[in-house]
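K.L.:
here is my input; please provide its structure:
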Amino acid sequence: MSDGKEKFVPYVSEESTMREFTVRAVLLGLVMTVILGAANAYLGLKAGMTIAATYPAAVIGMAVLRLFKGSILEENIARTVGSIGESVAAGAIFTVPAFVLVEGLWDPKNMGTTRNYLISSAVMFLGGLLGILFVTVLRRVMVEDATLPFPESAAAAEIHKAGQKGGKGARTLFAFMGVGAGVKLLGDLSLFAAAKEFIVSLGSTKIPLLTSKLQPISAVPVDGATSFSMPAVAPAYLGVGYIIGPRLAALNFAGGVLAWGLFVPLLTYLLGPTLLPTLGTMPDGPGGDPVGWGTLSVSIWKFIIRPIAVGGMLVGAGFTLYRMRNSLATGVRRAVRDISKAASAGGVQSRLDRDISFKWVLPGLLLVVVLMTALYYFFSSSVPGAITAAVVMAVAGFFFAAVSGFLVGTIGSSNNPISGLTLSTLIIAALLMVVIGLKGSPGIAAVLGVAAVVCVSSAVAGEMLQDLKVGHLLGGTPWKMELGDILGVFVAAAVMFWPLVILHQGDINAGGQGFGGTSLPAPQAGLMAMLSKGIIDQTMAWPLVVVGMLMGLGMILLKVASPMLVAVGMYLPLETTFAIFVGGVIRWASDRVSARRGHTEGQAARVANTGVLVAAGLIAGEALMGLITSALSFFNVSLPKVLQNPSWVVGLVVLGLVGWLMVGIPQRHAGSPDEAPPPPAVF
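P.N.:
Numbering: from 1, shown residues only. The predicted model follows:
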């Protein structure tokens with residue numbers, strides 16, 4: 001270490017000539033970055049959250065490279081490159097769909113144009129490259145800081161070390177990828193109903209309104225019905241619920257209960273007499289069935305409840321940043337201090353301390369800023385607007401990259417509040433656009449462009465620092481990992497647009513709405529779209545948003561652990577939050593079984609680790625099959641419907657079988673009580 005303290009000794013010594021940056025390791029990493037990135041894009045659009053790819057990438061990389069007698073440093077490169085695609089995907093799904101959701105920017109029915117592809121790829125690559133270059137400047141001072149524990153990095157390093165002694169994790173992961181893909185395919189073939197909506201009548205009466213002297217004012221007629229959904233038979237949602245655990249899954253479901261158990265029934269009941277004449281008088285779209293209570297309930301949820309949820313997400317994101325204010329302030333101070341330290345840390349000869357040369361980093365940063373200024377001018381056709389957007393992007397990108405890295409070092413990448421950081425940038429950029437007089441589609445496009453770059457940059461910076469810390473512990477060469485991440489970001493940016501197009505257009509071809517619909521709600525992108533358009537065009541439904549903000553404030557006063565998660569639950573379809581909650585209950589059941597069997601610490605850890613692999617496999621399997629079926633719909637190829645009226649009861653049976661496997665299989669891997677505890681699979 002450079003401070004005169006005891007020198008850190010990595011797993012592989014600095015004098016080692018072990019194979020590291022090999023063609024097979026890089027190619028494997030690039031394949032994983034596409035697959036895991038696409039899987040996370042699918043999950044994020046549907047469930048509003050992603051999972052860290054570090055652990056699955058480490059397990060897959062170890063399993064494949066073991067076949068070729070690969071080294072631990074090759075595994076480190078494969079994991080580093082393989083996990084970066086998840087960060088690009090996270091940034092993409094939070095912002096790119098917003099260009100479709102804002103009317104007048106991108107045609108929702110023709111998203112996959114060359115123009116849109118080039119814009120998306122440029123935003124993703126430049127944002128990712130910006131994050132990598134910033135991290136390259138700050139790597140030494142952050143990775144070598146003993147006060148930053150990097151919990152997920154330490155866990156990943158231990159997993160690699162344990163892998164040198166053999167392991168069967170990859171077999172479990174791949175097996176449950178098959179389970180997830182199979183259940184998804186069987187549902188799409190209509191062998192069972194993957195979802196079911198129930199209409200519940202609320203009855204009709206009149207509610208008397210009285211004065212303070214109990215004199216009658218009026219009798220308000222009320223009437224109506226609402227809808228309620230069973231949990232979706234979706235292995236990916238069960239996997240998400242299992243990974244985040246029962247507490248967070250319950251908070252997410254609480255938002256669904258608020259939306260569909262309180263607000264929708266209440267508004268339907270009060271608006272029922274007004275809406276009653278519309279029932280059966282018009283089709284639900286060209287050639288559709290007549291509008292019924294189910295359609296009206298969904299309409300109320302989309303156009304009244306969701307803006308309330310947006311207000312809740314705003315307060316939730318702000319509260320998340322407020323709770324991290326000390327860490328954020330420390331991160332900003334470090335960003336200012338560490339840049340001078342990094343600039344003076346030249347001339348290092350050790351393999352373990354060698355980054356990409358600052359002679360390349362500084363021109364690279366300047367080039368990115370120039371290219372982004374040109375792109376923002378393309379969006380806005382305004383020189384002041386382009387320069388303002390570029391300045392906001394550069395300043396916010398640097399500070400949030402440093403803050404993101406600090407938070408990852410403190411609490412891990414899974415808890416990194418990327419959406420909150422992006423939201424702060426978007427609001428600042430939107431207000432500045434209003435100040436300089438840039439309105440309409442050009443201003444909205446510029447704001448979304450700034451948010452997209454900062455979002456990808458922050459996500460990539462956090463994930464990259466996490467991987468660099470793993471490399472630091474294992475004895476990896478920093479510049480090789482940084483170069484690998486540049487390749488990974490380039491490939492992910494080049495291909496990640498197409499999974500989004502396939503999912504969106506495939507859903508439309510299958511009769512859905514695409515982004516913003518029930519199948520692909522894309523909550524974060526919907527939030528970005530509504531805020532950017534509402535601030536720039538001054539068309540925000542502020543009364544509903546303010547109600548949501550007050551609701552969020554109420555949750556803070558009640559000490560709700562995550563108001564943001566509750567608000568996201570309100571924004572998502574009930575079938576989604578219900579299934580995630582079921583996944584959380586399955587995790588609770590698995591923990592209870594371990595406790596009743598008296599498992600030791602080591603046995604409980606092995607059960608938990610296997611459960612995470614099972615959940616990750618279910619998520620990846622359904623996501624890949626979902627991309628395949630969406631691709632078929634994209635090319636207007638329809639899967640056969642085996643049953644015209646599939647049973648929802650059979651669907652619940654399938655759900656129960658998957659849950660039984662999620663509890664039973666991990667228990668079989670508890671091992672002997674005498675075995676030492678394995679490294680934890682931290683998410």
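K.L.:
burial of the residue nearest to residue 13 when sequence neighbours are not counted, as a residue count?
P.N.:
Counting by CB to CB, 6 or more residues apart in numbering, residue 13 lies nearest to residue 475, which is 6.5 Å off, once chain neighbours are set aside. Every residue, glycine included, has its C-beta placed from N, CA and C. By other CB atoms under 10 Å, the residues close to residue 475 number 21.
K.L.:
residue 475 contacts residue 71, doesn't it?
P.N.:
No. Assessed by CB atoms under 8 Å, residue 475 is found out of contact with residue 71, at 10.5 Å.
K.L.:
rewinding a little: so who does the residue nearest to residue 13 touch?
P.N.:
The contact partners of residue 475, taken as CB atoms under 8 Å, 6 or more residues apart in numbering, are 10-14, 16, 73, 352.
K.L.:
for residue 232, see how far away residue 614 is.
P.N.:
Here the criterion is CB to CB, to the nearest Å. By it, residue 614 lies 18 Å from residue 232.
K.L.:
mind checking which of the two has more residues around it?
P.N.:
Using other CB under 10 Å, the more surrounded residue of residue 614 and residue 232 is residue 614, with 31 against 25.
K.L.:
what about the stretch 451-600 of the chain, any weak spots by pLDDT?
P.N.:
The stretch 451-600 of the chain contains no residues with pLDDT under 70.
K.L.:
residue ranges of the helices in it, please?
P.N.:
Ranges of helices within the stretch 451-600 of the chain are 478-495, 497-509, 523-537, 542-557, 563-571, 574-596, based on DSSP state H, counting those that start in this stretch.
K.L.:
need those in a markdown table (columns: mean neighbour count).
P.N.:
Compiled in a markdown table, those are given as follows (neighbours: other CB atoms under 10 Å):
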| stretch | mean neighbour count |
| --- | --- |
| helix 478-495 | 23 |
| helix 497-509 | 24 |
| helix 523-537 | 24 |
| helix 542-557 | 17 |
| helix 563-571 | 28 |
| helix 574-596 | 22 |
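K.L.:
those: which one's closest to residue 280?
P.N.:
Nearest to residue 280 among those is helix 574-596 (24.5 Å), distances taken as CB to CB.
K.L.:
show me where pLDDT drops low in the stretch 301-450 of the chain?
P.N.:
320-321, 324, 327-349, 403, 406-407, 409-417, 419-421, 424.
K.L.:
tell me how far residue 570 lies from residue 296.
P.N.:
Residue 570 is 18 Å from residue 296, by CB to CB.
K.L.:
same check on residue 272?
P.N.:
9 Å.
K.L.:
specify the angle between the host helix or strand of residue 95 and helix 523-537 in degrees.
P.N.:
Secondary-structure assignment from DSSP states H and E places residue 95 in helix 72-101. For helix 72-101 against helix 523-537, the angle by axes from the mean of the first three to the mean of the last three CA atoms, to 10 degrees is 50 degrees.
K.L.:
chain center to stretch 306-319, what's the gap?
P.N.:
In terms of CA atoms, centre = their mean, to the nearest Å, the centre of stretch 306-319 is found 17 Å from the chain centre.
K.L.:
related to what we said a few turns ago, can you redo the contacts of residue 475 as a markdown table with neighbour count, secondary structure and distance to residue 452?
P.N.:
What follows is these, written out as a markdown table (neighbours: other CB atoms under 10 Å; DSSP: H, G, I helix; E, B strand; the rest coil; distance: CB to CB, whole Å):
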| residue | neighbour count | secondary structure | distance to residue 452 |
| --- | --- | --- | --- |
| 10 | 15 | coil | 36 |
| 11 | 17 | coil | 37 |
| 12 | 21 | coil | 38 |
| 13 | 11 | coil | 42 |
| 14 | 14 | coil | 39 |
| 16 | 16 | coil | 40 |
| 73 | 25 | helix | 34 |
| 352 | 18 | helix | 34 |
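K.L.:
nearest to residue 482, of those residues?
P.N.:
Comparing the contacts of residue 475 against residue 482 with CB to CB places residue 352 closest, at 13.3 Å.
K.L.:
which residues does that closest one contact?
P.N.:
With CB under 8 Å, 6+ apart, residue 352 has these contacts: 10, 14, 472, 475-478.
K.L.:
could you dump the residues you listed to TSV with distance to residue 461?
P.N.:
As requested, the contacts of residue 352 are exported to TSV (distance: CB to CB, whole Å):
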residue	distance to residue 461
10	23
14	26
472	16
475	23
476	18
477	20
478	15
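K.L.:
my read: residue 457 touches residue 133, true?
P.N.:
No. Contact criterion CB under 8 Å: residue 457 and residue 133 do not qualify, at 9.3 Å.
K.L.:
who has more neighbours out of those two?
P.N.:
Neighbours per residue (other CB under 10 Å) separate residue 457 from residue 133, with residue 457 holding more: 35 against 25.
K.L.:
find the nearest non-adjacent residue to that one, please.
P.N.:
Nearest residue to residue 457, sequence neighbours excluded (CB to CB, 6+ apart): residue 131, at 3.9 Å.
K.L.:
near the one you found, how many residues? Count them for me, please.
P.N.:
Counted with other CB under 10 Å, residues neighbouring residue 131 total 35.
K.L.:
what distance do you get for it to residue 609?
P.N.:
Distance, residue 131 to residue 609, using CB to CB: 30 Å.
K.L.:
surely residue 253 meets residue 581?
P.N.:
Yes. With contact defined as CB under 8 Å, residue 253 reaches residue 581; the gap is 3.6 Å.
K.L.:
in the stretch 151-300 of the chain, which spans are strands?
P.N.:
Using DSSP state E, counting those that start in this stretch, the strands of the stretch 151-300 of the chain run over 197-201, 205-210, 216-222, 225-229.
K.L.:
partner strands of the first one, with direction?
P.N.:
Paired with strand 197-201 in the same sheet, following DSSP bridges, are strand 225-229 (antiparallel).
K.L.:
do the same with the third one
P.N.:
Strand pairing for strand 216-222, determined by DSSP bridges: strand 205-210 (antiparallel).
K.L.:
go ahead and name everything in contact with the strand it pairs with.
P.N.:
In contact with strand 205-210 (CB under 8 Å, 6+ apart) are residues 216-223.
K.L.:
ChimeraX command for the buried members of those residues?
P.N.:
A single ChimeraX command selects the buried members of the contacts of strand 205-210 (16 or more other CB atoms under 10 Å):
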select :222,223
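K.L.:
turn the contacts of strand 205-210 into TSV, including pLDDT.
P.N.:
As requested, the contacts of strand 205-210 are exported to TSV (pLDDT from 0 to 100):
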residue	pLDDT
216	84
217	85
218	84
219	84
220	82
221	84
222	82
223	81
